[in-house]
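A.B. asks: need a structure here:
(2 chains)
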Amino acid sequence: MNHLPQAWGRPRDDVYGAYDASHFQMSGPTQHSSRPIVTGTSVVAVKFKDGVVIAADNLASYGSLARFTDVKRLRTFNSKSVLGFGGDVSDMQYLDRLLNSLSVRENYSTSIDDSGKSDLDAHNLHRYLSKVMYKRRSDFNPLWNHILVAGLGEKDAPFLASVDLLGTTFSSPTLATGFGAHLAQPILRRQVPDEAASKELSQEKAVELIRECMKVLFYRDARSMDKYSIAVISKSGVDLKEDEKLENQSWAFAEGIRGYGTQVN
Amino acid sequence: MTSIGTGYDLDNSVFSPDGRNFQVEYAVKAVENGGTSIGIRCKDGVVLATEKLVTSKLMKAGANKRIATVDRNIGMVSAGLLPDGRYLVSRARQETASWRQIYKSPMPVASLAGRLGSFVQMFTMNGGLRPFGITAIVGGWDSEGDMAVDGQVGAGPSVGAGGKASGKKYGGPFLYMIEPSGLYWGYYGAATGKGRQAAKSELEKLDLSAGALSLEQGVKEAARIIYVAHEDSKDKEFELEMTWVSGLSGPTKGQHQEVPKELREEAERLAKKALEGDDEMEE
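C.D. replies: The predicted structure is shown next:
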């Protein structure tokens, strides 16, 4: 007699051999995405005194292959907010449709007499997204993205926050996802160390800073591209440019990098 | 009504010996008591207008809207039993949302009218159901632009197969009216409710099929027609509610929206003036 209850009433292993349980599992356990497939790289954003500037390049990579070169990773939600998506592109498309249906439903009850006052602002949108992302990670079925929400929050104050595939949220006057968090964030922080500095920053300076970051990212991040989108969100609405090129590149620094080009050591 | 149902009006699923469905005819009676609603299909958009009768002074002016938005580009208004109208609106919203789920693009107005027609008709055949006590007017604009698929991220290949046939026109303004029987037609101008006869004869004068009326003129005509139709029930107070939808190059950018306050007030002023002019001529 075996002391294990699950073996009681079954043929004895020592007489008949171990029970072959393989037919119980025709397929494996339920599996969800365990890695992103087609991916977008960094998104960078900075708050300035009247709004937020956000940028992302137009590349979707398939592993190390530069697969799609006209992918729009900045998504306008309404006149008050823009989302920047890093990570899996198909999950981004799912979220885009989800938010589209949300915006259609919001639109039902909006009357123009209150001129968009009842619109969801960037703060509301970020909260909603964080709930979606956290629910999905708790189902062990995460949406493989790191998202920056840029726009205007309460009382039309500039708003910038991030949510990632775990549903983790945080906010800062400068934010970057992916490689940008390592390469662009230090540059951004040097200019905008705190909230007070972002209140001093002009729109022109902010745009210039973001363009500089996109250039550095293109220099050093192998999954990036020299075509990018940039959006400025302020009280006058969303100004989104989706076909920008990096200008005034200088690759002189590359000579000094060990392992670059034909130089081996 | 000349004949009383004599037992043939107790159920939807029963015809009278002379081939009538009395329940549907009674539903039409409910519509004929409702406030007037109209729709005008102009060359560059659609206007919807309704005479919202004020049932109580305790209700906030301008609140409790009667014209509803379905998806982003379609408007719906009805005459008859209000809750029936709301139910049909919620059905229309479900239809457009499920259309987006399947096709990843907005539902054409014609398809929506077809789905709603079938839905309303179903309530005239089944026992245990009552027909809709409303006639609904559905107006919208099908986008004339290159329509992106919802969630689309790129432009697709720049060379090779794909794209549209050249020289073909897409999109435009559409207007449909759905009756309690489930019958629906496309219209240039549609009117329903108490003042529909007066409204229809005014609409006919506009020669809408020529396609010459602009959207802004349409707004002014719509306001005037609602005021004309209200003449017979002058003792009751009403609010004029108007919405419009234009093409991408027009004032609403393909969206169904309320007519801006200034324009609505201007249209109302002109409508009142036109009515006073008529009175003087009669005297």
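A.B. asks: Nearest to chain A: which residue in chain B?
C.D. replies: Closest residue of chain B to chain A, C-beta to the nearest C-beta: residue B:151 (3.9 Å). All C-beta spots, glycine's among them, are computed from the backbone N, C-alpha and C.
A.B. asks: In three-state terms, label that residue for me.
C.D. replies: Under the three-state scheme (DSSP: H, G, I helix; E, B strand; the rest coil), residue B:151 adopts coil.
A.B. asks: And the pLDDT for it?
C.D. replies: According to the prediction, residue B:151 has pLDDT 86.
A.B. asks: How about residue A:260?
C.D. replies: 70.
A.B. asks: repeat for residue A:265
C.D. replies: So, for residue A:265, pLDDT stands at 57.
A.B. asks: The stretch 101-250 of chain B: helices as residue ranges?
C.D. replies: Remark: helices assigned in the stretch 101-250 of chain B by DSSP state H, counting those that start in this stretch are B:109-122, B:196-205, B:215-230.
A.B. asks: what's the closest of the ones you listed to residue B:168?
C.D. replies: helix B:109-122 (16.5 Å; C-beta to C-beta).
A.B. asks: got a list of what whichever residue of chain A sits closest to chain B touches?
C.D. replies: Nearest to chain B in chain A, going by C-beta to the nearest C-beta, is residue A:93, at a distance of 3.9 Å. By C-beta atoms under 8 Å, 6 or more residues apart in numbering or on different chains, the contact set of residue A:93 is B:151-153.
A.B. asks: circling back to that earlier point, report the secondary structure state of the residue nearest to the residue of chain B closest to chain A when sequence neighbours are not counted.
C.D. replies: Spatial nearest neighbour of residue B:151, excluding adjacent residues (C-beta to C-beta, 6 or more residues apart in numbering or on different chains): residue A:93 at 3.9 Å. Under the three-state scheme (three-state DSSP), residue A:93 adopts helix.
A.B. asks: Name all residues that make contact with residue 226.
C.D. replies: Went with chain A since none was named. Counting by C-beta under 8 Å, 6+ apart, residue A:226 touches A:57, A:218, A:245-246, A:249.
A.B. asks: let's do chain B instead
C.D. replies: B:36, B:38, B:49-51, B:195, B:199, B:240, B:271.
A.B. asks: let's see 6 Å
C.D. replies: B:49, B:51, B:240 (C-beta atoms under 6 Å, 6 or more residues apart in numbering or on different chains).
A.B. asks: Check the secondary structure at the first one for me.
C.D. replies: Looking back up the chat, that one is residue B:49. Assignment for residue B:49 (three-state DSSP): strand.
A.B. asks: Apart from its neighbours in sequence, what residue is nearest it?
C.D. replies: Per C-beta to C-beta, 6+ apart, closest to residue B:49 is residue B:222, 4.0 Å.
A.B. asks: Quick check: that neighbour vs residue B:184, distance?
C.D. replies: Using C-beta to C-beta, to the nearest Å, residue B:222 is found at 21 Å from residue B:184.
A.B. asks: Which one of these two is surrounded by more residues?
C.D. replies: For residue B:222 versus residue B:184, the count of surrounding residues by other C-beta atoms under 10 Å in any protein chain shown is larger for residue B:222: 30 against 21.
A.B. asks: Show me what the lowest-mean-pLDDT helix or strand in chain B is packed against.
C.D. replies: Counting by mean pLDDT, DSSP states H and E, chain B has its least confident helix or strand at helix B:261-282, which shows a mean of 86. Helix B:261-282 sits against helix B:215-230, with contacts defined as 3 or more C-beta pairs under 6 Å, 6 or more residues apart in numbering or on different chains; DSSP states H and E.
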